[in-house]
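Enquirer: fold the stuff below for me.
(one chain, ligands or ions: 2)
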Amino acid sequence: MNSRMTVALVLAAGASLALPAYCESAVDPKPETTNSPAVVVFMNAESEDAAKCWSGERVKEHASEGAWAMKKDFGPRKGSLSIYGGFPVWPNDLAPYGEMLLDVYNPQEKSYQLQCNFKDKYQYTHNHYYGMAAPPPWPDGRKLDPHAGHVLLEVKPGWNHLSFSFDEIFKRTGIEWHYIHHFWMWLPELEKSKEEATLYFDNLRLVRRLGEAGQLSPHWKKIELRQNDAEKLLYGFESYYEVWEWEWSGRKYLVEGPGVTEGQLGMQVNFGDLGDRKWEYGARFGVHLGAYEKDFARNVWSGWKTFRLDVFSPSDEPREVWMTFASTAADKKRTEVSRKVTLQKGANHIALPVEELVKEGLDLSNVGWFEFKPKRDSKGEFGWMVLDNLKLTKK
Ligand SMILES: [Ca+2]
Ligand SMILES: [Ca+2]
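Expert: Numbers count the residues shown, from 1 in each chain. Ligands and ions are numbered 1, 2, ... in the order given. Model (predicted):
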């Protein structure tokens, strides 16, 4: 199966034909406390609001817990039981949990293979891997197998009290539990047949790991504005919240190693590959500076003299990078200004006079987008780099 077919299949499986309206978070967006319970409800259909985030029908029959269960019909083009937005735990970080427990009632007289899948942000095809020949590899160089994350559970007639291990999924896929985007379950065997079947789901629970492993990572720190008379820090990469704002074709990690020039952490990016040689530079990798944290005002650059970014390059050869800045003026006119820089092995401290960008039309009152794209190296690869200390200074 080629990669394009794989993408189509994943999309087909993840999508339901009758999509509910996109669901805003139904949970309180506060980090969990250290006193969190050992078992956390993922879906129990008891709350009408939370149930709206799921593609199934909330019914008062075959509940294993409380009064309500989630009913879902499966068959050709009936799609999956999926969650859309409103992820049941906040942040969307499943690293503190080691296992999923679920109750499934099967009113038919035959058994089925229920396929369960998580997708992390990297596997989320629509924004990140769509059309890519080679998604960014894991840090250890392993390539992504889009099918490795499937969990198949046998659903026998009557009640089924099921479970599966998150560690097993991680071993097969290297899934990024710190940012799970999507969860869905379906009966793939029915897609090819004319058969239909109905299942009832209830009491989906996450089992917390023991000890520190069961705590939310301290890297989920609130992003703090760090600005003084001399500098304004746009990104220090000290929090997952900062890292997840960066979009598109890169696998991103908070790292402590070489390349950290500010604080304790930096962002390592393993760049993705669109495959075709016409993509000489890395596919779009960047950030909407004005999209989040309005008070931070990352998009207002007026009054600053120098744009700075520290980049660690592990490559033995010089690496060429395109940086693109885009501004949107009050009259909606969008201007893009790009600069090519060549990075040497090890630490690089990029500094660009803001005035030079203005001469080419950049509007400093609203710099909304910043992009960072390496050129292929002599082996035809994009490799990885560590970014830190993205800031504006007065000198
Ligand atoms: Ca229930
Ligand atoms: Ca840092």
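Enquirer: what sits up against the helix or strand encompassing Lys72?
Expert: Assigned by DSSP states H and E, Lys72 falls within strand 69-74. Here strand 69-74 makes contact (CB atoms under 8 Å, 6 or more residues apart in numbering) with 43, 45, 51, 54-63, 80-81, 105, 185-187, 190, 196-202. The way it works is simple: take the backbone N, C-alpha and C, and place the C-beta from them, glycine included.
Enquirer: try it again with 6 Å
Expert: 45, 54, 56-57, 59, 62-63, 81, 187, 190, 197-202 (CB atoms under 6 Å, 6 or more residues apart in numbering).
Enquirer: strands paired with it, and their directions?
Expert: Taking DSSP bridges as the criterion, strand 69-74 pairs within the sheet with strand 57-59 (antiparallel), strand 197-208 (antiparallel).
Enquirer: buried stuff in the first one?
Expert: Meaning strand 57-59. Arg58 (16 or more other CB atoms under 10 Å).
Enquirer: which residues sit against it?
Expert: In contact with strand 57-59 (CB under 6 Å, 6+ apart) are residues Ala45, Ala51, Trp68, Ala69, Lys71.
Enquirer: the first one: neighbour count?
Expert: When you say that, I think you mean Ala45. By the criterion of other CB atoms under 10 Å, Ala45 has 26 neighbours.
Enquirer: quick one: residues contacting the closest residue to it other than its chain neighbours.
Expert: Nearest residue to Ala45, sequence neighbours excluded (CB to CB, 6 or more residues apart in numbering): Trp68, at 4.0 Å. Going by CB under 6 Å, 6+ apart, Trp68 touches Ala45, Glu46, Arg58, Lys60.
Enquirer: now do Lys119
Expert: Shown in contact with Lys119 (CB under 6 Å, 6+ apart): His181, His182.
Enquirer: which residues does it bridge with?
Expert: Bridge pairing for Lys119 - DSSP bridges - gives His182.
Enquirer: separation between the closest residue to Gly214 other than its chain neighbours and Gly266?
Expert: Distances taken as CB to CB, 6+ apart place Arg208 nearest to Gly214, at 4.2 Å, with adjacent residues excluded. The gap separating Arg208 from Gly266 is 30 Å, by CB to CB, to the nearest Å.
Enquirer: repeat for Glu154
Expert: Here the criterion is CB to CB. By it, Glu154 lies 45 Å from Gly266.
Enquirer: more neighbours, those two?
Expert: Gly266 (29 against 11).
Enquirer: report pLDDT for that one.
Expert: Each residue has a pLDDT score; the one for Gly266 is 96.
Enquirer: in contact with it, which residues?
Expert: Contacts of Gly266 by CB under 6 Å, 6+ apart are Phe237, Val255, Gly259, Val260, Val386, Asp388.
Enquirer: so the closest residue to the first one other than its chain neighbours, which state does it fall into?
Expert: What sits nearest to Phe237 in space, not counting adjacent residues and going by CB to CB, 6+ apart, is Met267, at 4.1 Å. Three-state secondary structure (criterion: DSSP: H, G, I helix; E, B strand; the rest coil) places Met267 in strand.
Enquirer: distance of Met267 relative to Arg172?
Expert: Counting by CB to CB, the gap from Met267 to Arg172 is 26 Å.
Enquirer: ok but Glu168 is inside a helix, no?
Expert: Yes: under three-state DSSP, Glu168 sits within a helix.
Enquirer: what about it, how many residues nearby?
Expert: Glu168 has 11 nearby residues by other CB under 10 Å.
Enquirer: rewinding a little: which of the contacts of Trp68 come close to ligand 1?
Expert: Ala45 (CB under 5 Å from the ion).
Enquirer: and the strands in the stretch 51-200 of the chain, which stretches?
Expert: Assigned strands in the stretch 51-200 of the chain, in chain order: 57-59, 69-74, 81-82, 97-106, 112-120, 151-155, 158-165, 180-186, 197-208 (criterion: DSSP state E, counting those that start in this stretch).
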